[in-house]
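**Q** I'll drop the sequence and a predicted model, then ask my questions.
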Amino acid sequence: MELVDVLFYSLFLLPLSYYLWRIFDRRRNQSCYILDYECQMPPEDRKLSTKFSGEIIIRNKQLRVNEYKFLLKAIVSSGIGEETYGPKMVFDGREASPSLADGILEMDDFFIDTIDRLFKRTGIHPSEIDVLVVNISMIATLPSLSSRIVNLYKMREDIKVYNLTGMGCSASLVSVDIVRNICRNQKNVQALVVTSESLSLNWYNGNNRSMILANCLFRTGGCAMILTNKPSLKDRAMFRLKTLVRTHHGARDESYGCCEQKEDEKGFVGVFLGKNLPKAATRAFADNLKVIAPKILPVRELLRFGAVLIFRKLRQKWSKAAAAAAAAAARPMINFKTGVDHFCLHTGGKAVIDGVAQNLGLSEYDVEPARMTLHRFGNTSASSVWYVLAYMESKRRLKKGDRVFMISFGAGFKCNSCLWEVMRDLEGKNVWENCIDRYPQKNLANPFLEKFGWLHEKDGDTYSIPDDYVVPE
């Protein structure tokens, strides 16, 4: 009789156990980890010093003194230092006539510098990669750059390949989202994500101020990373993806056109940065925060913030004096530090960093990684957030269990953000290794004003730079 009872109950327990195991196994394999990442370190002879930057500007015969003054003001206030990097064709003096070969060479230098080192450090062979995602916005080749990587590293014939272009500075997290979705539906995935930007074919040679500004901000750089959902690699992983939110305002004409690759009235190609870009970024950022905040913040902070907002509205409703005082007072802010330990911000420029810091109530310590990355490497487009992350790692800020909030902005207009959990104490051997002792720097002023401040005294309508002028050392 007892054996019959056991068999009878087993008919119910075995399917239930199998069902529970399937749920556990699926969740275990759905986690998306960063196994390792590698940021590009261009060679020393590609550094854009103040002297050489001045020579590049003078070589542009479309510019006059008024444009020089505008560029001087933009560079001085940009937060960018003297150790950022540019593409090779600029150092060859060919920025006015770049070729497709220049763009491909720029990408090959990046691939070899980062992907080789990444494979070597992780011990993973290229044939072990199941998924390849490449996002490089402003160059399209045939075959694609992803196919170029497959050929260069002789990857498998059944590799799943995604080649993204035109996604702008927020493309890294778009690529991560692609891998995350694959990890949800497939076990034991190893994915290589490659993110960079091509400057060679998009160096602007005209005099439109909204387009020449990009030459001041964007610099050479890139990052390659390996993501996986293999449970066996969990202990080796650096980060685990907790959540990711993408916001796209492309349906709004004002947002769509604020950052755009285009030709100016003289036919020069470049990246147009509109005056309404900060407004578009703020709107996208606000909408993104509304979605991700409940996913990353503790309930107590959400309840506190909600109670403060309700109390404020009730006071405004009951008392005109209170309404006037509330209107004059600062709007209540949600405290993101209750659920976040570190803030990894896109280095779109000093104004971008300042704006995010103000909206989130961040301290100088919180934004130090972004400011120092902007100073040392400039705006490297979609890869910039990984240089910021590397700074935190190199400073040994990242400890097991810490939560990193990563925020990026890009053309479209897009705001993408995610939360990473640090899986182990990180040692900091990365692109910052040989210069981290010099940071943070208290004085981020660059010497442009000292060397070229005399331009402000010249009349833009009558003065022109002499042909024999030599940029001072």
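**A** Arrived safely, thanks for sending. Small disclaimer: the values here were computed from a predicted structure and weren't measured. Residues are numbered from 1 along each chain as shown.

**Q** Below-threshold pLDDT in this protein: ranges please.
**A** 1-29, 316-330 (pLDDT under 70).

**Q** where do the strands sit along it?
**A** Ranges of strands in the chain, per DSSP state E, are 33-39, 131-136, 160-164, 190-196, 222-228, 239-248, 259-263, 269-273, 342-345, 403-410, 414-422.

**Q** Quick one: distance of the fifth one to the chain centre.
**A** Spelled out, it's strand 222-228. 13 Å (CA atoms, centre = their mean, to the nearest Å).

**Q** quick one on the thing from earlier: would you mind giving the strands of the chain as a markdown table with distance to residue 88 and mean neighbour count added?
**A** The C-beta positions use only the backbone N, C-alpha and C, and glycine is treated the same way. Putting those into a markdown table (distance: least, CB to CB, whole Å; neighbours: other CB atoms under 10 Å) gives the following:
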| stretch | distance to residue 88 | mean neighbour count |
| --- | --- | --- |
| strand 33-39 | 19 | 23 |
| strand 131-136 | 16 | 25 |
| strand 160-164 | 23 | 17 |
| strand 190-196 | 14 | 26 |
| strand 222-228 | 14 | 27 |
| strand 239-248 | 33 | 19 |
| strand 259-263 | 21 | 16 |
| strand 269-273 | 19 | 21 |
| strand 342-345 | 29 | 24 |
| strand 403-410 | 25 | 23 |
| strand 414-422 | 30 | 25 |
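
**Q** Quick check: which of those strands is nearest to residue 373?
**A** strand 342-345 (8.9 Å; CB to CB).

**Q** can you give me how far the closest one is from the chain middle?
**A** Counting by CA atoms, centre = their mean, strand 342-345 comes out at 11 Å from the chain centroid.

**Q** Dump that strand to CSV, keeping only the CA atoms.
**A** Output of strand 342-345 as CSV, limited to C-alpha atoms (Å, rounded to 0.1, in the frame of the first residue of the first chain):
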residue,chain,number,x,y,z
HIS,A,342,28.8,54.6,-8.7
PHE,A,343,27.7,56.7,-11.7
CYS,A,344,29.2,56.0,-15.1
LEU,A,345,28.3,59.0,-17.3
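
**Q** if we can go back for a sec, how about the strands of the chain, which one is nearest residue 390?
**A** The nearest among the strands of the chain, by CB to CB, is strand 33-39 at 5.5 Å.

**Q** and the angle from the closest one to strand 414-422?
**A** In terms of direction (axes from the mean of the first three to the mean of the last three CA atoms, to 10 degrees), strand 33-39 departs from strand 414-422 by 110 degrees.

**Q** returning to what we had before: residue 62: which of the strands of the chain is closest?
**A** Residue 62 lies closest to strand 269-273 among these, at 11.4 Å (CB to CB).

**Q** Can you tell me what sits against the closest one?
**A** With CB atoms under 8 Å, 6 or more residues apart in numbering as the test, strand 269-273 has contacts from 138, 201-206, 208, 210-215, 218, 258-264.

**Q** ok, now with 10 Å
**A** 98, 137-138, 168, 199, 201-206, 208-215, 217-218, 257-264, 348-349, 411 (CB atoms under 10 Å, 6 or more residues apart in numbering).

**Q** Including distance to residue 379, could the strands of the chain go into TSV?
**A** Formatted as TSV, those follow (distance: least, CB to CB, whole Å):
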stretch	distance to residue 379
strand 33-39	14
strand 131-136	15
strand 160-164	19
strand 190-196	13
strand 222-228	13
strand 239-248	20
strand 259-263	12
strand 269-273	11
strand 342-345	12
strand 403-410	11
strand 414-422	16
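
**Q** mind listing what residue 379 touches?
**A** Counted by CB under 10 Å, 6+ apart, residue 379 has contacts 78-80, 84, 169, 197, 214, 216-219, 221, 346-349, 352, 373, 387.

**Q** Ok, which of the strands of the chain comes nearest residue 57?
**A** Nearest of the strands of the chain (CB to CB): strand 269-273, 14.5 Å.

**Q** how far off strand 259-263 does that closest one point, in degrees?
**A** 150 degrees.

**Q** can you give me how far strand 269-273 is from the chain middle?
**A** Put simply, strand 269-273 sits 19 Å off its chain's centre (CA atoms, centre = their mean).

**Q** Stretch 119-130 too?
**A** Worked out by CA atoms, centre = their mean, stretch 119-130 lies 24 Å from the chain centre.

**Q** what number of residues lie near residue 144?
**A** 17 (other CB atoms under 10 Å).

**Q** Hmm, it is touching residue 194, no?
**A** No: using CB atoms under 10 Å, residue 144 makes no contact with residue 194, being 11.6 Å away.

**Q** Quick one, which of the strands of the chain gets closest to residue 463.
**A** Judging the strands of the chain by CB to CB, what sits closest to residue 463 is strand 269-273, at 25.8 Å.

**Q** Could you tell me which strands sit next to that closest one in the sheet, and their orientation?
**A** Partners of strand 269-273 in the sheet, by DSSP bridges, are strand 259-263 (antiparallel).

**Q** quick one: contacts for residue 267?
**A** Here residue 267 is in contact with residue 206 (CB under 10 Å, 6+ apart).

**Q** Likewise for residue 470?
**A** Counting by CB under 10 Å, 6+ apart, residue 470 has contacts 51, 54, 55, 58.

**Q** swap in residue 153?
**A** Residues counted as contacts of residue 153 (CB under 10 Å, 6+ apart) are 111, 115, 116, 119, 125, 126, 127, 129, 132, 192.

**Q** before we move on, what about residue 200?
**A** Applying CB under 10 Å, 6+ apart, the residues near residue 200 are 86-90, 94-95, 98-107, 138-139, 220.

**Q** burial of residue 377, as a residue count?
**A** 29.

**Q** I'd guessed it sits against residue 86; true?
**A** No: assessed by CB under 10 Å, residue 377 is found out of contact with residue 86, at 11.6 Å.
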